[in-house]
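Colleague: Show me the folded form of this:
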Amino acid sequence: MILSVALVGLFSGVLNDQSANYSTGPKVVQSPPQANTAQVTSEPKAKAKVRKDALVVTARCSCSCYQDYKLHDPSWINYCPVCHQRGTLIFERTSDCPEGMIRCTCCDADFCAVHGKEHVCSHPTYLMPA
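Modeller: Below you'll find the predicted structure:
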């Protein structure tokens, strides 16, 4: 009983504080203008080509296995080892990964474009080299 009176007294002091700048009305948050994700100025040379069942990319390492941060030219079989679908891999550069990454359009798995390593910490799977 004494504990509940003390808590009510504590919160009533906070709620009755007129000097605090609290607002209970709806807030309007404006989104920043969306950047064109197709053009990232920090990586103008990162690109990809699709040849039959292979994906040939020119990108930088996004999984930190290489420390050189140079452009590499690996090629991968267009097969997702997570959802086992063929032809679903695409190369994309976003503001979250300006180096470029390979993403599965079916299961949304993300892979390093240079090593083929999935961007998960525990038990990553790897793309198959072409």
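Colleague: Around the nearest residue to H72 once chain neighbours are set aside, how many other residues sit close by?
Modeller: Excluding the flanking residues, the one nearest H72 by C-beta to C-beta, 6 or more residues apart in numbering is V114, at 4.6 Å. Yep, even glycine has a C-beta here, placed from its N, CA and C like the rest. For V114, the count of nearby residues is 24 (other C-beta atoms under 10 Å).
Colleague: Could you do N78 as well?
Modeller: Neighbours of N78 using other C-beta under 10 Å come to 22.
Colleague: Do I have it right that K70 meets T58?
Modeller: No - here K70 does not reach T58: they are 10.7 Å apart, not a contact under C-beta atoms under 8 Å.
Colleague: Which residue of these two possesses the greater neighbour count?
Modeller: Shown here are K70 and T58; by other C-beta under 10 Å, T58 has more neighbours (18 against 9).
Colleague: any idea how far T105 is from that one?
Modeller: 21 Å (C-beta to C-beta, to the nearest Å).
Colleague: repeat for C63
Modeller: In terms of C-beta to C-beta, C63 sits 20 Å off from T105.
Colleague: So the two - more neighbours on which side?
Modeller: Ranked by neighbour count (other C-beta under 10 Å), C63 and T105 place C63 first, with 18 against 14.
Colleague: The more buried one in helix, strand or coil?
Modeller: coil (DSSP: H, G, I helix; E, B strand; the rest coil).
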